[in-house]
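Student: Any chance you can model this:
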Amino acid sequence: MLALTHLPSPNLELGQRTHVARAPIDHGLALRQHAAYRRMLSDCGAAVVALDVNRGLPDSAFIEDTAVVLDEVAVLASMGTAARRDEPAGIEPELRKYRELHRIELPAALEGGDVLRVGRVLLVGLSARTDAAGVRCLEEVVRRYGYRVLAVPLRDCLHLKTACTALPDGALLVNPAWLHMPSLGGFETVPVPEEEPWAANTLPVGGAVCLAAGHGRTADLLCRRGFDVRTVDLSEFAKAEGSVTCLSLLLAP
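Tutor: Below you'll find the predicted structure:
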């Protein structure tokens, strides 16, 4: 497993906000937290690459949004906000080393944080950053590789993976308040505790499930399901609506 990451920009505090109030970000602490995140991925068996090609772009640490990476192909995102549209071009040369590339073209909007792979199904969030045209364009690319696409309407959250991620046993960890649950029919769903609404964002790496620190009840829930749970403090990235999935692009060998 290869994990592509991007160091947090000195301008991280100036990045986009959608559903959280703007708050000061300690860049030095963000750098230390990002280093701890990379160590966690490495401890889980991933080979970690730390890029710094988009240093001047405030949201560049959230590299997941720039592409959808599958076993057969990578699809460069069109990005749903103009402030982030320069990011994929910086990531493209690195991705090209490992995958054939396709791209979503504007005016269709799609960001990688809205795309969740569950086996041969791609759940795609309809959000402020991904629209129906983006979903259709992605489907045109991935169906030739045998993937099925299902759209999932969202509310009150930035991306699908803010509200829903897949656990290693195939169940979906969800915050039911933030997405259209009937769209997930056919999947086993596991709701996060109501007092931990941000805890549905998890990242399976190797045999472990990674989770941002501060979600103790969700961590206990996952442990009871038999998972090796690893946590890391990402407080500075949470101020920018980020968590464990946002900070990496995972590529299976």
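Student: alpha carbons only for contacts and neighbour counts from here, please
Tutor: Will do.
Student: Can you show me the helices along the stretch 1-150 of the chain?
Tutor: Under the criterion DSSP state H, counting those that start in this stretch, the stretch 1-150 of the chain carries helices at the ranges 27-43, 87-96, 132-142.
Student: Quick one: closest of the ones you listed to Val232.
Tutor: Closest to Val232 of the helices of the stretch 1-150 of the chain, according to Cα to Cα: helix 27-43, at 6.3 Å.
Student: can you dump the C-alpha coordinates of the closest one into CSV?
Tutor: Output of helix 27-43 as CSV, limited to C-alpha atoms (Å, rounded to 0.1, in the frame of the first residue of the first chain):
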residue,chain,number,x,y,z
HIS,A,27,0.7,25.8,11.5
GLY,A,28,3.6,24.4,13.6
LEU,A,29,1.2,22.1,15.4
ALA,A,30,-0.4,21.2,12.1
LEU,A,31,3.0,20.1,10.8
ARG,A,32,3.6,18.0,13.9
GLN,A,33,0.2,16.4,13.6
HIS,A,34,0.7,15.7,10.0
ALA,A,35,4.0,14.0,10.8
ALA,A,36,2.2,11.9,13.4
TYR,A,37,-0.4,11.0,10.8
ARG,A,38,2.3,9.8,8.4
ARG,A,39,3.9,7.7,11.1
MET,A,40,0.5,6.1,11.8
LEU,A,41,0.1,5.2,8.2
SER,A,42,3.7,3.8,8.1
ASP,A,43,3.0,1.8,11.3
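Student: can I get the helices of the stretch 1-150 of the chain in JSON lines with mean pLDDT?
Tutor: Shown next, in JSON lines, are those (pLDDT from 0 to 100):
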{"stretch": "helix 27-43", "mean pLDDT": "98"}
{"stretch": "helix 87-96", "mean pLDDT": "97"}
{"stretch": "helix 132-142", "mean pLDDT": "98"}
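Student: of all these, which lies closest to Lys239?
Tutor: With Cα to Cα as the criterion, Lys239 lies closest to helix 27-43 of those, at 10.6 Å.
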